[in-house]
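# With the sequence up front, the predicted model follows.
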Amino acid sequence: MAFKTTKNFILGAIVAAASVTGIAYAAGGGVESDYKMEHPDWSFNGPFGKYDMVAAQRGYKVYREVCASCHSLKYVAFRHLGDKGAPFYLADFENPNDNPYVKNFAADWTIEDIDNETGDVIERPGITADYFPPIFPNDAAARASNGGAIPPDLSSMVKARNNGADYVYNLMLAYGSPIPKGVEITPGLHWNPVMDGGKIAMAAPLSEGLVDYDPVEINDHGELKTIAAPEATVEQMSHDLVQFLAWSADPKMEQRKSVGLMTLIYLIILSLLLFLSYKRVWRNVKH
Amino acid sequence: MSGPSTYEPKYAAAKWMDQRLPIIRMGADFMTFPSPRNLNYWYTFGGILALCLVVQILSGVILAMHYVADVDLAFASVQRIRRDVPFGWLLQSMHAVGASMFFLAVYMHMFRGLYYGSYKAPREMIWILGCAIYLVMMATAFLGYTLPWGQMSFWGATVITGFFGAVPIVGESLQQWLLGGYAVDNATLNRFFALHYLLPFVIAALVGLHVWALHHVGQNNPIGISEKTESDTLSFHPFYTVKDAFAIAVFLVIFAVFLFYLPDALGHADNYIEADAMKTPAHIVPEWYFLPFYAILRAVPSKLFGILLMLGAIVVLFVLPWLDTHKVRSMRFRPVARWFFILFIVMCFILGWCGAGVPDDIAIPLGKDAGITFYRLGQAATVYYFAYFLVILPILGLVETPKKRPDSITKAVLGENHSTAGLAPAE
């Protein structure tokens, strides 16, 4: 049982860790269907992956104009959009509350508030400190407007499903797949093989050209560049939406990966030095 | 093996202190503690576990400053920690991934103890205290998993506390007393938070006793032969401080890989959905470190009997020193027990696999639409788990002929002709 060498020890530990991960993921199930899941190579995959900010900016527009008619984003504040590692971050505006995009987006939403003078319920345009507002006043209202199903909050959606990015992407694309024989779809439900159980209350939300994409201006090493708007196909919108929702689920990803890289480099050098110290301290000692 | 203290205070202040509270002496004796010279890397998990406990307590105390134990605010407060608290994402992941790392290390530590017979006389108390630590760790991990108030938190808590309802006669009132109501709700969350904050300090106290007992009788070693002469041992510092430090650094590399690059790999996606008492998740599955016990629980159709089996799986560890009656400690010299032990490890992994699977699904296909289900496989592995402790080890204790063992650690390390060995550390 004893590991003869350090290498075996490390490998053993990694294999042990990997095998338990595999075990934990053995659960899960789906419905039988002809739909083939697509697994795009997301820009944010892998240890160095980053969000495609241009796509995420378009994704915000898809959320604003399509998803937000039913789905809230309640754990995200407008100011988060301008944080470092967020889609609308601008190097000139370290404080996201000064970011002109963020200010405009906030003002574009209506926030319910209380008038300080009269105590009346009023509506005012959003400010950067506000969180994305609820879409329905309460759960009962959400259920009543959506055939009994509450549209889930999208803040962490990409983390709340196994392989969440692929899940959201394919959920958008799988509408219209042929309904298998023997499956009955009651009114108010729709067939979508990506959904657990295959039946979903949400009607196909995206259709060709639904969102009017704008060109995106980016600052490429001090040079302003304009990225032309792509055609708003269902695939394109789904892709852009996933980029935005992947960010909203994991807004600190870029910081996490860069701190992780530094930490790993430090720890590997430390391990090496400690190994050499170990060899030196023990060099005259048989064991 | 803790011989007479060799510490001599050098300064007046140290002397003054030594006469009143010999705490410097305690630390000095700890550092020069004579340890067997043949300890391998499996013996580094004690130090790794001490570090795990410190990481969990430090990150946990800071998280508790930001966390709100209220059913309406708990999930949102964790989101706020992840999104707004400076480096909150790091602390929260460190605490969650840290729990998995803690269990990974504790299982390695326990398997090592099982293999080298570290539970045998005179180390029964070290082993029993270790089992107690493991039991409290399980409780702490379960309580802590409830706090983020995700779907799996809520339903896991509902399932586990439901066990108590299966106790005959008093079950229902016991369950209500534990929950503070008829279901998992605000009262439950608050008491779980209070206890989750308390138990780590109970663990720390038990660790103190565990280490005390260890220092009283001395460490076991891979050949299981007690230290006899000075040449069998090395000073804890610098020999084992440097070896432990290297092992800890390697462990931290693995920790960091999960923490920074796979923070959700050991968790459940469902826990990113806020708890909803009206919506049961498709599969309620515990964290990976509880899966083997979950499989044992589900190995019998009766709920009460399943719970008794699961408890029995832990209780049997406490009495192991009296079940394994073989006089040889290390399985290196037990040619038969060794293979049963390796099979035991395999069975533990199989139990974990069965715990994650759906009981009626096919685990091992045998032809078309037929095969061994997770339920049957889990039953077989459960039988082996108990048989190992209750049948195999007691019988082997009577009948197994051990291999020839060296006379001492020194002779095992240096060959039969040497009696002493260089003890001076390299400068």
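Noted; the coordinates are in hand. Numbering: from 1, shown residues only, chains lettered A, B, ... in the order given.
# For residue 97, what are phi and psi?
With no chain named, the answer covers chain A. phi -70, psi -20 (degrees, to the nearest 10).
# The intended chain is chain B.
B:Val97 adopts backbone torsions of phi -70, psi -40, taken as degrees, to the nearest 10.
# which residue ranges form the helices in the stretch 101-250 of chain B?
Across the stretch 101-250 of chain B, reading from the start of the chain, the helices by DSSP state H, counting those that start in this stretch fall at B:124-146, B:151-164, B:171-179, B:186-217, B:241-261.
# Dump those to CSV, plus distance to chain A.
Every residue, glycine included, has its C-beta placed from N, CA and C. Below are these laid out as CSV (distance: least, CB to the nearest CB, whole Å):
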stretch, distance to chain A
helix B:124-146, 13
helix B:151-164, 9
helix B:171-179, 24
helix B:186-217, 18
helix B:241-261, 3
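# right, and the helix or strand after the host helix or strand of B:Trp322?
For B:Trp322, the host element (DSSP states H and E) is helix B:320-323. Towards the C-terminus, the helix or strand next in line after helix B:320-323, according to DSSP H and E, is helix B:337-356.
# That next one - what's its average pLDDT?
Along helix B:337-356, the predicted confidence averages to a pLDDT of 97.
# now do stretch A:48-66
97.
# same thing with stretch A:166-185?
The average of the pLDDT scores along stretch A:166-185 is 93.
# Just the CA trace of that stretch, in CSV.
Output for stretch A:166-185, consisting of C-alpha atoms alone and laid out as CSV, is shown next (Å, rounded to 0.1, in the frame of the first residue of the first chain):
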residue,chain,number,x,y,z
ASP,A,166,-24.9,23.6,-22.6
TYR,A,167,-28.3,23.2,-20.9
VAL,A,168,-29.5,26.8,-21.5
TYR,A,169,-28.1,26.8,-25.1
ASN,A,170,-29.8,23.5,-26.0
LEU,A,171,-33.0,24.4,-24.2
MET,A,172,-33.3,27.3,-26.6
LEU,A,173,-32.5,25.2,-29.7
ALA,A,174,-34.5,22.1,-28.8
TYR,A,175,-37.9,23.6,-29.4
GLY,A,176,-39.7,22.2,-32.4
SER,A,177,-38.1,18.7,-32.1
PRO,A,178,-40.6,16.1,-33.1
ILE,A,179,-42.7,14.9,-30.2
PRO,A,180,-42.1,11.2,-29.6
LYS,A,181,-45.0,8.7,-30.0
GLY,A,182,-46.9,8.2,-26.8
VAL,A,183,-46.0,11.6,-25.3
GLU,A,184,-49.0,13.8,-24.8
ILE,A,185,-48.6,17.5,-24.4
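# which of the residues in the helix holding B:Trp322 are buried?
For helix B:320-323, burial by neighbour count (16 or more other CB atoms under 10 Å in any protein chain shown) applies to B:Leu320, B:Pro321, B:Leu323.
# Could you do stretch B:101-114 as well?
Residues of stretch B:101-114 classed as buried by neighbour count (16+ other CB under 10 Å): B:101-114.
# picking that back up, the helices of the stretch 101-250 of chain B into a markdown table, with extra columns for mean neighbour count and distance to B:Gly397?
Written out in a markdown table, the entries for the helices of the stretch 101-250 of chain B read as follows (neighbours: other CB atoms under 10 Å in any protein chain shown; distance: least, CB to CB, whole Å):
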| stretch | mean neighbour count | distance to B:Gly397 |
| --- | --- | --- |
| helix B:124-146 | 20 | 15 |
| helix B:151-164 | 21 | 33 |
| helix B:171-179 | 15 | 38 |
| helix B:186-217 | 16 | 21 |
| helix B:241-261 | 21 | 32 |
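# now, which of the buried residues of helix B:320-323 sits nearest chain A?
Sorting the buried residues of helix B:320-323 by how near they are to chain A, with CB to the nearest CB, puts B:Leu320 at the top with 17.8 Å.
# got the contact list for that closest one?
Applying CB atoms under 8 Å, 6 or more residues apart in numbering or on different chains to B:Leu320 gives the contacts B:Tyr119, B:Trp127, B:Phe389, B:Leu393.
# what's the closest of those to chain A?
Minimum separation from chain A among those (CB to the nearest CB) is found for B:Tyr119, which lies at 16.0 Å.
# Would you mark the buried spots in stretch B:335-352?
Of the residues in stretch B:335-352, B:Val336, B:Ala337, B:Arg338, B:Phe340, B:Phe341, B:Phe344, B:Met347, B:Cys348, B:Phe349, B:Ile350, B:Leu351, B:Gly352 count as buried by neighbour count, 16+ other CB under 10 Å.
# Around chain A, pick out the residues from the stretch 1-150 of chain B.
For the stretch 1-150 of chain B, the residues found near chain A under the criterion CB under 8 Å from any CB of the partner chain are B:37-42, B:76, B:79-80, B:82-83, B:89-90, B:93, B:104, B:108, B:115.
# quick revisit: compare the helices of the stretch 101-250 of chain B and give me the one nearest A:Met172.
helix B:151-164 (23.3 Å; CB to CB).
# Centre of the chain to the closest one, how far?
Here the centre of helix B:151-164 is set off from its chain's centre by 22 Å, with CA atoms, centre = their mean, to the nearest Å.
# counting contacts, what elements does that helix pack onto?
Applying 3 or more CB pairs under 8 Å, 6 or more residues apart in numbering or on different chains; DSSP states H and E, one finds that helix B:151-164 makes contact with helix B:124-146, helix B:171-179, helix B:186-217.
# Throw these into a markdown table and include mean pLDDT, thanks.
Rendered in a markdown table, the data for the helices and strands packed on helix B:151-164 read as follows (pLDDT from 0 to 100):
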| stretch | mean pLDDT |
| --- | --- |
| helix B:124-146 | 98 |
| helix B:171-179 | 95 |
| helix B:186-217 | 97 |
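# Domain ranges for chain A, per the record?
A:2-76+A:132-251, A:257-287 (automatic domain parsing).
# what's the closest of the ones you listed to chain B?
For those, the distance to chain B is smallest for domain A:257-287, at 2.6 Å, taking CB to the nearest CB.
# gap between that closest one and the chain center?
Distance of domain A:257-287 from the chain centroid (CA atoms, centre = their mean) equals 36 Å.
# in that domain, what's buried?
Within domain A:257-287, the residues that qualify as buried by neighbour count (16+ other CB under 10 Å) are A:257, A:259-260, A:263-264, A:267, A:270-271, A:274-275, A:277-278, A:281-282, A:285.
# returning to that earlier point: want to throw the helices of the stretch 101-250 of chain B into a markdown table with distance to A:Pro40?
What follows is the helices of the stretch 101-250 of chain B, written out as a markdown table (distance: least, CB to CB, whole Å):
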| stretch | distance to A:Pro40 |
| --- | --- |
| helix B:124-146 | 33 |
| helix B:151-164 | 27 |
| helix B:171-179 | 45 |
| helix B:186-217 | 39 |
| helix B:241-261 | 20 |
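# so who does B:Ala261 touch?
Heads up, residue B:261 is Tyr, not Ala. For B:Tyr261, counting by CB under 8 Å, 6+ apart, the contacting residues are A:Pro47, A:Lys257, A:Gly260.
# So which of those residues is the closest to A:Ala55?
Proximity of those to A:Ala55, judged by CB to CB, is greatest for A:Lys257, which lies at 18.4 Å.
# Quick one, grab the pLDDT at the closest one.
Here the pLDDT value assigned to A:Lys257 is 98.
# among the domains of chain A, which is nearest B:Asp72?
Nearest to B:Asp72 among these is domain A:2-76+A:132-251; the distance by CB to CB comes to 12.8 Å.
# Now A:Ala204: closest residue in space that isn't a chain neighbour?
Across the structure, with CB to CB, 6 or more residues apart in numbering or on different chains as the measure, the residue nearest A:Ala204 apart from its sequence neighbours is A:Tyr175 (3.7 Å).
# Tell me if that neighbour really is in a strand.
No - using DSSP: H, G, I helix; E, B strand; the rest coil, the assignment for A:Tyr175 is coil, not a strand.
# wait, what's in contact with A:Leu270?
Here A:Leu270 is in contact with B:Ala249 (CB under 8 Å, 6+ apart).
# cool, B:Leu135 as well?
With contact set as CB under 8 Å, 6+ apart, B:Leu135 has these partners: B:Ile314.
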